[in-house]
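*Asks:* the following block contains a protein sequence and its predicted model.
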Amino acid sequence: MPRLKIAIQKSGRLADKSLALLERSGLQFARSKDKLFWYGRNQPVDLLLVRDDDIPRLLVEGVCQLGIVGENVAEEKLLESRCRTDAGLEPLIRLGFGHCRLMLAVPESTTIRQPTDLEGKRLATSYPGLTRRWLEQHGVEADIVTLNGAVEIAPSLGTADAIVDLVSTGTTLRANHLKAMDTVMESQAMLYRCPDRLADETEALLAKLLLRIQGVQQAMETKYVMLHAPRDRLAEISDILPGAESPTILSLEGQPDRVAVHAVCTEQVFWEHLEELKAAGASAVLVLPVEKMLA
């Protein structure tokens, strides 16, 4: 029987959440001592734990069929290979974690105010491909200084006039007297597949896994709400429930004027919603997490 191979980051900011997503999708792995290859125990799905920079190449070369990697890494590596992202890999699902921004940042004291001010300047970055594409989109010619780390100190060392680097909180920028000027790219973890057509059995296995992953994502965003309500205020209470379609209505023994309401809410349920429900006459309001879900 064909086996499906998934590449994920072996360590770093995406590693734990990628593994948790797969395990919540029902996959179990026999963990090897070298931690590079984990054999699927309950499904013909194996795991490769590698550097995130290697995942796009492994997918393009067909070593694995699926990979979880940041959009910024995937696009940068494919641009390095002079290959368009949409031609080299097929993006399947944005996974909702690993959010970051690739930002253009300049010294606080600079006279650079807009992209055209970068003409003839030097930009330090670990993402030369994405930086070059951004410059071309703005019609600017500038020199790119490629650094593998400590990009933020380049302006203070005099090796660059500006930088393009990943930013999450902005603390590192402020510590180095830099300020964000423009967003080069918004990124998050993405599930990609290899570009080649797979055998029918492998395609069926992949489709099954995708359905499970989508179910996990839906469950994470969904809450199950249970409450008691006056029968004559059902319409008002149904309108308050966020993202609910048609709630289930159950009679309460010995209380003909009250009912039990069960609803699947596909949007976040905030305290304000509970307060509105209470004001509308609801009682015994419970909000429960949903572990698994198939729409």
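*Replies:* That came through fine.
*Asks:* ok but residue 285 is inside a helix, no?
*Replies:* No: applying DSSP: H, G, I helix; E, B strand; the rest coil, one finds residue 285 to be strand, outside a helix.
*Asks:* that one touches residue 224, doesn't it?
*Replies:* No: in this structure residue 285 lies outside contact range of residue 224 using Cβ atoms under 8 Å: 11.8 Å. Yep, even glycine has a C-beta here, placed from its N, CA and C like the rest.
*Asks:* what number of residues lie near residue 90?
*Replies:* Using other Cβ atoms under 10 Å, residue 90 has 14 neighbouring residues.
*Asks:* give me the mean pLDDT for whichever strand or helix holds residue 74.
*Replies:* Element membership for residue 74, per DSSP states H and E: helix 71-80. For helix 71-80, mean pLDDT rounds to 91.
*Asks:* go on, stretch 285-295?
*Replies:* For stretch 285-295, mean pLDDT is 85.
*Asks:* could you do stretch 89-109 as well?
*Replies:* Mean predicted confidence for stretch 89-109 is 93.
*Asks:* picking that back up, helices and strands around the helix holding residue 74, which ones?
*Replies:* Counting contacts by 3 or more Cβ pairs under 8 Å, 6 or more residues apart in numbering; DSSP states H and E, helix 71-80 is packed against helix 55-60, helix 85-88, strand 90-94, helix 128-137, strand 178-187, strand 189-193.
*Asks:* not counting that helix itself, show me its contacts.
*Replies:* For helix 71-80, the surrounding residues in contact (Cβ atoms under 8 Å, 6 or more residues apart in numbering) are 52-53, 55-57, 60, 84-85, 88-89, 91, 94, 100, 102, 127-130, 132-133, 166, 185, 187-190, 192.
*Asks:* redo the helices and strands packed on helix 71-80 as TSV? Include distance to residue 24.
*Replies:* Converted to TSV, the helices and strands packed on helix 71-80 look like this (distance: least, Cβ to Cβ, whole Å):
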stretch	distance to residue 24
helix 55-60	21
helix 85-88	28
strand 90-94	14
helix 128-137	31
strand 178-187	23
strand 189-193	14
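*Asks:* of these, which is nearest residue 242?
*Replies:* With Cβ to Cβ as the criterion, residue 242 lies closest to strand 90-94 of these, at 21.8 Å.
*Asks:* mind listing what's buried along that closest one?
*Replies:* Going by neighbour count (16 or more other Cβ atoms under 10 Å), the buried part of strand 90-94 is residue 92.
*Asks:* hang on, the earlier thing: now the angle between strand 189-193 and the helix holding residue 74, please.
*Replies:* Orientation note: helix 71-80 sits at an angle of 50 degrees relative to strand 189-193 (axes from the mean of the first three to the mean of the last three Cα atoms, to 10 degrees).
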